[in-house]
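Chemist: My questions concern the predicted model and sequence given below.
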Amino acid sequence: MLRRHARAACTALVAAGMALAGLQAAGSAAAAPDARDPHRAPTVRTAAQTLGTDSARPELLDAMRRDLGLTHSQALTRLANEAEAGATAARLRQGLGGAFAGAWMDGAEAGTLTVATTRAADANAIRATGARARLVTHSVTALEAAKQRLDRSAGTDAPVRYVDVRANVLVVEETRAGAGARLVKATGVPRELVRVVRTGQAPRPLYDIRGGDAYYMGGGGRCSVGFAVTRGTTQGFATAGHCGRAGTTTSGFNQVAQGSFQGSVFPGNDMAWVAANTNWTSTPYVKGSGGANVQVTGSVLQPVGSSVCRSGSTTGWHCGTVQQHNTSVTYPEGTISGVTRTTVCAEPGDSGGSYISGSQAQGVTSGGSGNCSSGGTTFFQPLNPLLQNYGLTLKTTGTDPGPGPGEPEPGGTWAAGKVYAAGDVVTYGGASYRCLQGHQAQAGWQPPNVPALWQRL
């Protein structure tokens, strides 16, 4: 755990054909009539168009060049490939059901998507989408259930647990020899599900309204803004829960009075939000390389293997890749669950700062190990659960204004501003749709228009 003080740093498919049929049905959304005008074909966007990958800012592409070794063209190609692969993997997860065993991307340009299943009959349906199929022993559901058992008993000598979908195994990182084996034995988790890995460093929160800018807590210490948000007419920002408790006052990067924490959860999760006073305005940007603005256009969570960049007030702008979702970490203060593990570096004072993939907000910095000189591992609290927990709306730019004058929104349960998780079902314009990738809905992302996010049932 790191803290930056003002004075010093402390630290179903029943058959494969059904899966393919489901994917084809998802694609058929393009042929569905427009809910506003049955005689007009809808404007249906590819996944890359939905996420705006072709408008990535130069600062983002420069950081991907520096940290991932990519040319400008390769970075753009990678972002587009990640968007399309994320949508394909999401549709396959829905189709494979309990046999789904994970998905990941490989290659400098993320050109290879692999989807794992425990059922051999699914392989052809997976390959029909252009993905590679891998037959494995354990489903994601089984491995995550085992991880939950470990989480309930884990201590700081076995601080990190996650499902490695590439290896089809539950990984336990231990800082003391034998700690992982003792944890597995005490919880009764089958040993064949687990691989114990020795680590020399334990993660810690990175203590210490544009994403990545510094802010200071009233009792001392510095953290970083995650993402600008609104709640009704109130401006504010999302950040890490360990940075402050409800009522803690804040001042901005310029030491001017800023606002106060309205809600905070830590441990368990690592989420909080700060309401700003009227002198501060939320903007849809993250601070990029050299202080340039990187736009935020949504909050679609990206798959394992995706590129991700982080902005923080100590070390600035750094990039890496997503390693695992739904990781559990035990800090000295307690366990947090549901965080994402990455290869991005961070240091004290970066806590709470922004993680962004392309223009899609991913989460806020929780903690990690290592530093930005020798490299490290970091964890972020995913943003969508934070938005949902506090009823916040992410500040975004370049969104579609939605129906024009005289064009009322069709009836249904879908609503802009609501956070949806994969598997949620809504109605829109008389049809039902299943959410494929978690996100906060916004105008222009109506289900018929974005098959990367919604599958028509």
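Modeler: Everything's here; your move. Since we're looking at a predicted model, the values are computed, not measured.

Chemist: which residues in the stretch 51-200 of the chain form strands?
Modeler: 100-106, 112-117, 132-135, 160-164, 169-174, 194-198 (DSSP state E, counting those that start in this stretch).

Chemist: V197: what's it in contact with?
Modeler: When the contact criterion is Cβ atoms under 8 Å, 6 or more residues apart in numbering, the partners of V197 are 171-174, 180. C-betas here are computed from N, CA, C, even on glycine.

Chemist: Among the residues you listed, name the buried ones.
Modeler: Burial by neighbour count, 16 or more other Cβ atoms under 10 Å: within the contacts of V197 this picks out 171-174, 180.

Chemist: State the pair within those that is farthest apart.
Modeler: Using Cβ to Cβ, the buried ones among the contacts of V197 span at most 10.3 Å, a distance reached by V171 and E174.

Chemist: Quickly list what's touching both of those two.
Modeler: In contact with both V171 and E174: 196-197, using Cβ under 8 Å, 6+ apart.

Chemist: In the chain, spot the strand with the most residues.
Modeler: For the chain, the strand with the greatest residue count under DSSP state E is strand 316-331.

Chemist: Check the offset of the helix or strand following that one from the chain's centre.
Modeler: Going down the chain from strand 316-331, the next helix or strand is strand 334-342, by DSSP states H and E. Distance, stretch centre to chain centre, for strand 334-342: 12 Å (Cα atoms, centre = their mean, to the nearest Å).

Chemist: what do you get for stretch 342-362?
Modeler: Chain-centre distance of stretch 342-362: 10 Å, with Cα atoms, centre = their mean.

Chemist: Point out where the protein drops to low pLDDT.
Modeler: By pLDDT under 70, the low-scoring segments of the chain are 1-42, 206-208, 398-409.

Chemist: Not counting its neighbours along the chain, what's nearest T117?
Modeler: Of all residues not flanking T117 in the chain, A99 sits nearest, at 4.8 Å (Cβ to Cβ, 6 or more residues apart in numbering).

Chemist: Correct me if wrong: C372 contacts A346.
Modeler: Yes - between C372 and A346 there is a contact at 7.1 Å, judged by Cβ atoms under 8 Å.

Chemist: Comparing these two, which residue is more hemmed in?
Modeler: Between C372 and A346, A346 has the larger neighbour count (other Cβ atoms under 10 Å), namely 31 against 17.

Chemist: So what's the residue count around T88?
Modeler: Neighbourhood size, T88 [other Cβ under 10 Å]: 23.

Chemist: Can you name every helix or strand that the biggest helix by length in the chain contacts?
Modeler: Of all the segments of type helix in the chain, defined by DSSP state H, the longest one is helix 72-96. Other elements packing on helix 72-96 under the criterion 3 or more Cβ pairs under 8 Å, 6 or more residues apart in numbering; DSSP states H and E are helix 16-27, helix 47-51, helix 58-68, strand 100-106, strand 112-117, helix 123-128, strand 307-312.

Chemist: Quote the end-to-end distance of stretch 353-361.
Modeler: 11 Å (Cα to Cα, to the nearest Å).

Chemist: My error: substitute stretch 115-131 in the last question.
Modeler: 7 Å.

Chemist: Buried residues, that stretch. List them.
Modeler: Neighbour counts using 16+ other Cβ under 10 Å place 115-119, 121-123, 125-126, 129, 131 of stretch 115-131 among the buried residues.

Chemist: Which residue is the nearest non-sequential neighbour of A421?
Modeler: With Cβ to Cβ, 6+ apart as the criterion, A421 has its nearest non-adjacent residue at 4.9 Å, and that residue is G438.

Chemist: correct me, but L387 touches T230?
Modeler: No - if you go by Cβ under 8 Å, L387 and T230 don't touch, sitting 10.6 Å apart.

Chemist: More neighbours: which of those two?
Modeler: With neighbours defined as other Cβ under 10 Å, L387 and T230 compare such that L387 has more, 25 against 19.

Chemist: which residues touch that one?
Modeler: Going by Cβ under 8 Å, 6+ apart, L387 touches 229, 238, 299, 393-394, 419, 440.

Chemist: So which of those sit within helices?
Modeler: Among these, no member falls in helices (DSSP H).

Chemist: Okay, L68 and Q360: tell me how far apart.
Modeler: Relative to Q360, L68 is positioned 17 Å away (Cβ to Cβ, to the nearest Å).

Chemist: the more surrounded of those two?
Modeler: Neighbours were counted for L68 and for Q360 using other Cβ under 10 Å; Q360 has more, 28 against 17.

Chemist: Show the backbone phi and psi for that one.
Modeler: Backbone torsions for Q360, taken as degrees, to the nearest 10, come to phi -100, psi 120.

Chemist: where does it sit relative to K395, distance-wise?
Modeler: For Q360 relative to K395 (Cβ to Cβ), the value is 14 Å.

Chemist: ok, now N81?
Modeler: Here N81 is placed at a distance of 27 Å from K395 (Cβ to Cβ).

Chemist: ditto for A85
Modeler: A85 is 27 Å from K395, where distance means Cβ to Cβ.

Chemist: Settle it for me: which of those two has more neighbours?
Modeler: Higher neighbour count among A85 and K395: A85, with 27 against 23, using other Cβ under 10 Å.

Chemist: Go ahead and confirm that one touches A110.
Modeler: Yes - using Cβ under 8 Å, A85 makes contact with A110 at a distance of 6.5 Å.

Chemist: residues contacting H138?
Modeler: H138 touches 101, 118, 168-169, 193, counting by Cβ under 8 Å, 6+ apart.

Chemist: Got the phi and psi for it?
Modeler: The phi/psi pair for H138 (degrees, to the nearest 10) reads phi -110, psi 140.

Chemist: circling back: turn the buried ones among the contacts of V197 into a markdown table, including distance to W414.
Modeler: Listed next are these as a markdown table, based on distance: Cβ to Cβ, whole Å:
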| residue | distance to W414 |
| --- | --- |
| V171 | 38 |
| V172 | 40 |
| E173 | 40 |
| E174 | 45 |
| G180 | 44 |
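
Chemist: Closest to C243 out of those residues?
Modeler: E173 (24.5 Å).

Chemist: how close does the closest one get to S374?
Modeler: Per Cβ to Cβ, E173 is found 18 Å from S374.

Chemist: Same question for V160.
Modeler: Relative to S374, and taking Cβ to Cβ, V160 is found at 18 Å.

Chemist: More neighbours: those two, which one.
Modeler: Between V160 and S374, V160 has the larger neighbour count (other Cβ under 10 Å), namely 24 against 7.
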